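Novice: curious how this folds, go ahead:
(2 chains)
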Amino acid sequence: MKKILGITGLLVAVFVFTAALEPNFLTAYNLQNTLRWTALFGIISIGAAFVIITGGIDLSTGSVVGLIGVLLPMLLVGQGWSIPLALAAVVVVSLILGLLHGVLVTKVNLQPFVVTLCGLLFYRGIARWITGDATQGFGTAFEGFRQLAIGRIPLTDSFGVPMPFVVLVVLAVLAGLFLNYTVWGRYMMALGHNEEAARFSGINTDRMVILAYVIGTVTAGIGGVLFALDVNSVQPAVHGNFYELYAIAAAVLGGCSLRGGEGSILGVVIGAAVLRVLYNAINILGIPTQLEFAIIGAVILLGVMADELVKRFVVARSAAREVV
Amino acid sequence: MLRLFRSGKPVEVRPIQNPKSKIQNRLLLAAEHITKRFPGVVALRDVGLDLGQGEVLAVIGENGAGKSTLMKILAGVQPPDAGAILLDGEEVVITSPRHAADLGIALIHQELNLLPNLSVGANIFLGREPQRAGWMQQRQIFADSEKILARVGLDFSPNLLVQRLSIGHRQLVEIARALSAEARVLIMDEPTSSLSTGEAEVLFGVIDDLRGRGVSIIYVSHRLREVETLADRVVVLRDGENAGELARDQITHDAMVQRMVGRDVSQFYVRTPHEVGAEVLAVQDLISPAWPDHPLTFSLRAGEIVGVAGLVGAGRTELLRVLFGIDRALGGRIAVGGEAVTLKSPRDAIAAGLALVPEDRKQQGLVLDLAVRQNLTLAGVWRHRLAGGWLNRKQEAEDTARMIDTLAIKTPTETQAVRLLSGGNQQKVVLGKWLSLKPRILLMDEPTRGIDIGAKQEIYRMMETLARDGIAILFVSSELEEILGMSDRVLVMHDGYITGELARDALSEEAVMHLATGRVDDFGF
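Specialist: Sure, this is the predicted structure:
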């Protein structure tokens, strides 16, 4: 709980700061939009967090979003598959990709960075090749299905909870329960801290690591479906570009250590929210959008530095208390 | 193997008749009132020592007595919390190992500190490379290295890569490096722990030679025989405090042990005779990947405590690793309770009723950043699994509380990170992790390494209790006293072989050492 205090503070600060400078930030339309994008990025960030908790990294997220993003309209529109069948197909594809990553990392003993970097390149290439770089979309069909991404549950006349946010809440609750209340979540945390000690305790560490990569790509796949439904015009070359970095940034902001073994799902979701609110603030405050990356980079750096300083302070204080 | 000596023949190692240096015994280095605390433990309390020029000062003490910490402070690796260091009578604040080296103090590490992918010469001059306008003077490095290597009795080319050297040679290269930096004080922390007898004797020759040249040496060791022959003076540490000092003519094995342990050794290891049960582990022609040509055969009976003695690198840890399924056996048969088992992973071993308290507690035994509770249930948590994989937190808490109580683990709360516990309590957590699984066979690798003397005794008592309850214990130890004190039976290993088996009534230090070192002419030079 203490850990997400800082990031929550940051979220509130950016929120209040922006709202104070630009009242339009608080319009129902804007908030609803920010919430929807927070949800979309939050979903893929949860997957990134699982991989990071086991001490790995997943750089393929954006390309998986891209690949699934073109596959779904191709199957639905091009091949005329039914919605459940197409959904099942893309989930199976993302699951297989995660399985592949996990097996390469654990059984072949390759470095996660390398495996998923190759994934990033490979899936992007495949997405462009199978579409011939042609933009994919659902056209005007599938309006009902697209409500999953663009719909909302109205609360007042002007404001409603976006559907992706509902998906995020469901996934986040499941992920949080898994991580904190199941045996496997315990195993993942333990092996993230110390893989050898976990293995020496009889834990099938390989299997848990593979599972983490599967969670990583399946959430990226779910994200890919929602992103595609949201934009309705998926450009194979750019759709999802850099999303892995947003996901990793959200996870790190939310308290995940790249050394593994640390992180909370709530923190990661709040981390994703910080990124989206910041992005929105840049737009709405009229800050030159060219500065977008610079500002986001600076805020992440400051956030992580502050976290590190706080941690050092806490350690120093507890050490001082230990003195006999 | 590389030739060790200039002529290809062993250097005569003179028996040291009068170890006192001819050079005036001028006070060179002094540490006064040094105190150092770590989370959960006071490593040093008001400790002092002084070192004369050209003196070999041995610092001895049990594991966890604070020897290594004191050496790290002298070498600038860690700052003391209180106290002063005086060099040539003037107080110095040593800020870093580099600073210590500039002052002429060099630490020869327990874990060697050379870069294996670089040449011997490059290692000797690392960080001090002679240069002209930024260009390294390779020829000068070569020539100077050759000269300095000769001083420690090595005659190979400085261009040789360090990774091709034996451990003993690497140690000598480290010493050469220190000498080339004009070290006046050499601190050697357990220098012989990984050396063969022959290599150790070469080292003793070099130490004697250096003493003659006025280099002062602090020699940390728990090998009392070495200390007896080498040291001009002995400083004893116990539980982080000074526990006496012995002048040259007072240095005897018994005097040292008595000060180290602080009590009569015979009462330290409490064994009461009890019935030994049926055979629970039968190992037939077992082959570990580390020693493919050396099949091992032995057995273990319920309620028996069997010690595995031998030098570092004799194959003891490798044996335990194979028995616990960490490394796959290349051949042979293992039977637990009469049933043949195949151990492909620690999971298999645990299922067969084995448990391992590993050598490296912090890396292999514990997840340091997790809480005491999570560590205690790490191996057995699957038994707390409800339908669907949910943790039964209530049962987990109960089990934890019981284990903390049974083992008398001192921790403020069960949610405390294990990192903050003392070594002894950490080891109890490792033990507790397994006890809740009720193993039939407990494997222990250096079970009391780095824990204080009180905790040691508690571990011994637990071993005794467990054996009484019918658990078979196979433990590896480098501490001969522990082997002699705790074992019903001892297996001695050397070079991957079990060179002998000693029943309790045939046990003696000499018998174990004889088997552990092999025959002297086995050392191949």
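Novice: quick one: residue B:376 and residue B:399 touch, right?
Specialist: Yes - at 7.3 Å, residue B:376 and residue B:399 qualify as touching, with contact defined as C-beta atoms under 8 Å. The way it works is simple: take the backbone N, C-alpha and C, and place the C-beta from them, glycine included.
Novice: shared neighbours, those two?
Specialist: residue B:436 (C-beta atoms under 8 Å, 6 or more residues apart in numbering or on different chains).
Novice: ok, these two, which is more surrounded?
Specialist: Using other C-beta atoms under 10 Å in any protein chain shown, the more surrounded residue of residue B:376 and residue B:399 is residue B:376, with 31 against 20.
Novice: which stretches of the stretch 151-300 of chain A form helices?
Specialist: Assigned by DSSP state H, counting those that start in this stretch, the helices in the stretch 151-300 of chain A fall at A:163-181, A:183-193, A:195-200, A:205-231, A:243-253, A:265-284, A:292-322.
Novice: by mean pLDDT, show me the worst of those.
Specialist: Note on the helices of the stretch 151-300 of chain A: lowest mean pLDDT is at helix A:292-322, with a mean of 77.
Novice: remind me what that one packs against, helices and strands.
Specialist: The helices and strands touching helix A:292-322, judged by 3 or more C-beta pairs under 8 Å, 6 or more residues apart in numbering or on different chains; DSSP states H and E, are helix A:2-21, helix A:243-253, helix A:265-284.
Novice: any idea which residue of the stretch 151-300 of chain B lies closest to chain A?
Specialist: residue B:240 (11.0 Å; C-beta to the nearest C-beta).
Novice: can you count the residues close to that residue?
Specialist: Neighbour tally, residue B:240, other C-beta under 10 Å: 25.
Novice: what parts of chain B come near chain A?
Specialist: Proximity of chain B to chain A, by C-beta under 8 Å from any C-beta of the partner chain, involves residues B:37, B:39-40, B:42, B:324, B:326, B:345-347, B:349-350, B:356, B:358, B:363-370, B:374, B:378-379, B:381-382, B:384-385, B:388-391, B:393, B:420, B:433.
Novice: report the buried members of these.
Specialist: The neighbour count (16 or more other C-beta atoms under 10 Å in any protein chain shown) marks B:37, B:40, B:42, B:324, B:326, B:345-347, B:349-350, B:356, B:358, B:364-370, B:374, B:378-379, B:381-382, B:384-385, B:391, B:420, B:433 as buried among the residues of chain B next to chain A.
Novice: in helices, which of these appear?
Specialist: If you go by DSSP state H, these have B:346-347, B:349-350, B:374, B:433 in helices.
Novice: among the residues you listed, which pair sits farthest apart?
Specialist: Greatest spatial distance among those (C-beta to C-beta): B:349 and B:374, at 21.6 Å.
Novice: and residue B:30, which of the three is it?
Specialist: Under DSSP: H, G, I helix; E, B strand; the rest coil, residue B:30 falls in the strand class.
Novice: let me know the pLDDT of it.
Specialist: Taking residue B:30 on its own, its pLDDT is 93.
Novice: look up the residues forming beta bridges with it.
Specialist: residue B:50, residue B:86 (DSSP bridges).
Novice: wait, isn't it in contact with residue B:51?
Specialist: Yes - using C-beta under 8 Å, residue B:30 is in contact with residue B:51, at 7.1 Å.
Novice: enumerate the residues of the stretch 1-150 of chain A near chain B.
Specialist: So the stretch 1-150 of chain A never meets chain B (C-beta under 8 Å from any C-beta).
Novice: how about the helices in the stretch 1-150 of chain A?
Specialist: A:2-21, A:28-53, A:61-73, A:83-106, A:112-131, A:143-150.
Novice: show me which residues of the shortest one are buried.
Specialist: The neighbour-count check on helix A:143-150 (16+ other C-beta under 10 Å) flags A:145-146, A:148-150 as buried.
Novice: let's have the residues you listed in CSV, adding pLDDT.
Specialist: Supplementary listing: the buried residues of helix A:143-150 in CSV, determined by pLDDT from 0 to 100:
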residue, pLDDT
A:145, 91
A:146, 92
A:148, 91
A:149, 91
A:150, 90
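Novice: still on that earlier bit, buried deepest among the helices of the stretch 1-150 of chain A, which one?
Specialist: Most buried of the helices of the stretch 1-150 of chain A, by mean neighbour count (mean count of other C-beta atoms under 10 Å in any protein chain shown): helix A:61-73, with a mean of 29.
Novice: export the helices of the stretch 151-300 of chain A to a markdown table and tack on mean neighbour count and distance to residue B:233?
Specialist: Compiled in a markdown table, these are given as follows (neighbours: other C-beta atoms under 10 Å in any protein chain shown; distance: least, C-beta to C-beta, whole Å):
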| stretch | mean neighbour count | distance to residue B:233 |
| --- | --- | --- |
| helix A:163-181 | 18 | 58 |
| helix A:183-193 | 24 | 45 |
| helix A:195-200 | 23 | 41 |
| helix A:205-231 | 25 | 50 |
| helix A:243-253 | 25 | 55 |
| helix A:265-284 | 24 | 58 |
| helix A:292-322 | 13 | 34 |
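Novice: pLDDT below threshold where in the stretch 1-150 of chain B?
Specialist: Applying pLDDT under 70 to the stretch 1-150 of chain B flags residues B:1-25, B:40, B:63-64, B:110-112.
Novice: quick one: the strands in it?
Specialist: For the stretch 1-150 of chain B, applying DSSP state E, counting those that start in this stretch gives strands covering B:27-38, B:41-52, B:56-60, B:82-87, B:90-92, B:105-108, B:131-132, B:135-136.
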